[in-house]
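Colleague: Structure for this input, please:
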Amino acid sequence: MIGTFRNFAKTKFAGILVFIMIIPFVFWGMGSMFSSGNTNSIVKINETNISTEEFIDYLNNSGIPQDTIRENLNDNIIEELLSGLISTKILDLEIEEYDLIISKETLLKMIKKNKNFLNEQGSFERLKYEKFLLENNQSAPQFELRLKNRELQKNLFSFVGAGTISPKFLVKKLYQDENRKLEIDYINLNQFYKKKDSFTDNDIKKFLDENKNDLKVEYIDFDYSIINPKNLVGVDEFNQTFFDKIDQIEIDISNELPFENIVTNFNLKSKKIKDFRFTYDKSDIEKKIFEARNNEFDIIEFNDDYILYKILKSEQRSPNVNDPVLRKEILGLMFEKNKYEYNKNLIKKIDEKNFNNENFVEMGNKKVENLLLNSIKDNKKFDIKAVELLYSLPINSFTLINDEMSNIYLAKIKNFQNQTMENDDKINEYMNKQNSNLKNNMLKSYDLYLNSRYNVNLNQKTIERVKNFFQ
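Modeller: Just a heads-up that it's a prediction; the model follows:
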């Protein structure tokens, strides 16, 4: 993050030129690292090799900045990008296998029909096309190659899923599944949970004893100083003098110069914090220091400031129930645990067939509510996943569901009302939707087929070399 302000403080044009010039030379320069033996191949798909240079070209064309790749190396960004290239290469091999082609004439027609390049009269305008290429930093051959590859992939999927026509009974079933109405009875379970204010001190003590290892609270003591250009160099802007002094502070930290000495040497003000416990009402700066506490002595960026801090002590303690905030948190945990146990026991009864309609009526005690859901997408009352669950169950069955506020309800499936599909537009809509479902299922099968057909071998040493370059 420190580099962010440094780069911004320098000439903007110089930064852009450096970025434009470095990326191509750096990436093309990498090729020599892998030019001997099999190290030039980063992946082998059956008998087809993907070279390191090809992967680097893929990274260049992805538009992802080098810094972003470097910052996400530990999150497997190289592997994810390589996976994308492998998928593209396999599709290219399939396109070649089925001898799918797009002529220059077809490609030209596609470009001339693209609405982005048409004028108000609906005619192709060359100037719009060239402006689009300039704005997107592409040459005409690059754009046309991407368009061609994208269209070939589209044709491949159309070829694989060709001829998918659904029988009428499946179209009818899909319509009924999505549009049938569902009547349910339900009971809000909030009335059955133990209230927070009903827990006694003995209940709290027992809960703390049972969970003492999990409920310990971390307290820390620390000193910190807020640093910005105004209090470090006497100006409001981030200049080179400011960054030189930040560099010196970093050197002092690495040389284990005491916090107090650094603050004194740079005429900074500091603040002492004792018994700090993380809560959301604390200051953002102090919460940031708490989150960074694994580094006991450091300087970090925070918004438009730098924070110099030193952790003096860290201690794990049992919760102090006399602290109103902690007591409230503990009661919240006890309530949630009690709620979970109640719901778990109720679900167990339902699963073991030990819960029937008499139990439901008795629980409701004249507080049973009724609702008619208009379709499987009707989420006005309950969460959409809960609605989908309800529609999957048979009549007279019971389940627990939730709304978007995390309230829990016991529900009974009372009745389904099937709807008749009479409108021609609806028939066509659901015919297309069912055809699409069948095609998607076919493509999933095709995906499994590709997995069995192509043997992918990764050159792990070469992948590690690519990663090392970015570090």
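
Colleague: so where's the stretch 351-471 of the chain shaky on pLDDT?
Modeller: 424 (pLDDT under 70).

Colleague: can you give me the strands for it?
Modeller: Applying DSSP state E, counting those that start in this stretch to the stretch 351-471 of the chain gives strands spanning 369-373, 398-402, 408-417, 456-458.

Colleague: Can I get the longest one as CSV, trimmed to CA atoms?
Modeller: The C-alpha coordinates for strand 408-417 follow below in CSV (Å, rounded to 0.1, in the frame of the first residue of the first chain):
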residue,chain,number,x,y,z
ILE,A,408,-37.6,-19.6,11.7
TYR,A,409,-41.0,-21.1,11.0
LEU,A,410,-42.5,-24.6,11.2
ALA,A,411,-44.4,-25.2,8.0
LYS,A,412,-46.9,-27.8,6.8
ILE,A,413,-47.5,-28.5,3.1
LYS,A,414,-51.3,-28.2,2.8
ASN,A,415,-52.2,-28.3,-0.9
PHE,A,416,-50.9,-27.7,-4.4
GLN,A,417,-53.0,-26.0,-7.1
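
Colleague: Show me the contact partners of it.
Modeller: Contact with strand 408-417 is made by 180-190, 339, 343, 346, 357, 360, 363, 370, 382, 390, 393-403, as judged by C-beta atoms under 8 Å, 6 or more residues apart in numbering. Any C-beta I mention is one placed from the backbone N, CA and C, and that applies to glycine too.

Colleague: still on that earlier bit, which one of the strands of the stretch 351-471 of the chain lies nearest to S270?
Modeller: strand 398-402 (48.6 Å; C-beta to C-beta).

Colleague: okay, the closest one in PDB with CA atoms only?
Modeller: What follows is strand 398-402, C-alpha atoms only, in PDB (Å, rounded to 0.1, in the frame of the first residue of the first chain):
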ATOM      1  CA  PHE A 398     -43.500 -30.700   7.700                       C
ATOM      2  CA  THR A 399     -40.200 -28.700   7.600                       C
ATOM      3  CA  LEU A 400     -38.500 -25.700   9.100                       C
ATOM      4  CA  ILE A 401     -38.000 -22.600   6.900                       C
ATOM      5  CA  ASN A 402     -36.700 -19.100   7.300                       C
END
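
Colleague: got the angle for that strand vs strand 408-417?
Modeller: 120 degrees (axes from the mean of the first three to the mean of the last three C-alpha atoms, to 10 degrees).

Colleague: Look up which residues are beta-bridged to the nearest residue to K113 once chain neighbours are set aside.
Modeller: Nearest non-adjacent residue to K113, counting by C-beta to C-beta, 6 or more residues apart in numbering: F124, 7.8 Å away. On the basis of DSSP bridges, F124 takes part in beta bridges with L118.

Colleague: Y219 versus F124, what's the distance?
Modeller: 70 Å (C-beta to C-beta, to the nearest Å).

Colleague: So in terms of bridging, what pairs with K181?
Modeller: Q417.

Colleague: Return the residues in contact with I427.
Modeller: Here I427 is in contact with 171, 421 (C-beta under 8 Å, 6+ apart).

Colleague: swap that for K377, sorry
Modeller: 178, 384, 387.

Colleague: now that we have those, which one has the most neighbours?
Modeller: Of all the contacts of K377, the highest neighbour tally under other C-beta atoms under 10 Å goes to V387, namely 21 neighbours.

Colleague: Settle this for me: V263 is touching S225, isn't it.
Modeller: Yes: V263 lies in contact with S225 (C-beta atoms under 8 Å); the separation is 5.5 Å.

Colleague: which residues are common contacts for those two?
Modeller: The contact lists of V263 and S225 share 269-270, 308, where a contact means C-beta under 8 Å, 6+ apart.

Colleague: Buried among those? Make that a ChimeraX selection.
Modeller: A single ChimeraX command selects the buried members of the shared contacts of V263 and S225 (16 or more other C-beta atoms under 10 Å):
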select :270,308
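
Colleague: Secondary structure element holding the nearest residue to F143 once chain neighbours are set aside?
Modeller: Distances taken as C-beta to C-beta, 6+ apart put L133 closest to F143, at 6.0 Å, once the chain neighbours are dropped. Under the criterion of DSSP states H and E, L133 resides in helix 126-135.

Colleague: Just checking the distance from that helix to the centre of its chain.
Modeller: 34 Å (C-alpha atoms, centre = their mean, to the nearest Å).

Colleague: And for G122, the neighbour number?
Modeller: Close neighbours of G122, defined as other C-beta under 10 Å, add up to 8.

Colleague: What separation do you get for it and K115?
Modeller: Using C-beta to C-beta, G122 is found at 9 Å from K115.

Colleague: Identify each buried residue in the helix holding L133, please.
Modeller: Result for helix 126-135 [16+ other C-beta under 10 Å]: buried residues Y129.

Colleague: Now do the buried residues in whichever strand or helix holds L93.
Modeller: Per DSSP H and E: L93 is located in helix 77-97. Buried residues in helix 77-97, counted by 16+ other C-beta under 10 Å: 77-78, 81-82, 85-86, 89-95.

Colleague: Ok, stretch 278-287 next?
Modeller: 285-286.

Colleague: swap in stretch 451-471?
Modeller: For stretch 451-471, a neighbour-count test (16+ other C-beta under 10 Å) marks 458-459, 462-463, 465-467, 469-470 as buried.

Colleague: roughly how far out does it sit from the chain middle?
Modeller: Centre-to-centre, stretch 451-471 and its host chain are 24 Å apart (C-alpha atoms, centre = their mean).

Colleague: got the end-to-end distance for it?
Modeller: In stretch 451-471, first residue to last residue: 32 Å (C-alpha to C-alpha, to the nearest Å).

Colleague: List of residues touching the helix holding L93?
Modeller: So helix 77-97 is contacted by 42-43, 45-46, 48, 50, 54-55, 58-59, 62, 64, 68-69, 149, 152-153, 155-156, 450, 454, 456, 458, 463, 466-467, 470 (C-beta under 8 Å, 6+ apart).

Colleague: Generate a PyMOL selection restricted to the buried subset of these.
Modeller: Per 16+ other C-beta under 10 Å, the buried members of the contacts of helix 77-97 correspond to this PyMOL selection:
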select buried, resi 42+43+45+50+54+55+58+59+69+152+153+156+458+463+466+467+470
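
Colleague: So which of the contacts of helix 77-97 are in helices?
Modeller: 54-55, 58-59, 62, 68-69, 149, 152-153, 155-156, 450, 463, 466-467, 470 (DSSP state H).

Colleague: Okay, E429 and N435: tell me how far apart.
Modeller: Counting by C-beta to C-beta - E429 and N435 are separated by 11 Å.

Colleague: if we can go back for a sec, averaged over its residues, what pLDDT does the helix holding L133 have?
Modeller: Average pLDDT, helix 126-135: 88.

Colleague: which other residues reach it?
Modeller: Against helix 126-135 from outside (C-beta under 8 Å, 6+ apart): 111, 116-119, 139-140, 143.

Colleague: try stretch 202-217
Modeller: 277, 316-321, 326-327, 330-331, 333-334, 337.

Colleague: Make a markdown table from those and add pLDDT to it.
Modeller: Below are these laid out as a markdown table (pLDDT from 0 to 100):
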| residue | pLDDT |
| --- | --- |
| R277 | 91 |
| Q316 | 90 |
| R317 | 87 |
| S318 | 84 |
| P319 | 82 |
| N320 | 79 |
| V321 | 80 |
| L326 | 86 |
| R327 | 88 |
| I330 | 90 |
| L331 | 92 |
| L333 | 91 |
| M334 | 92 |
| K337 | 92 |
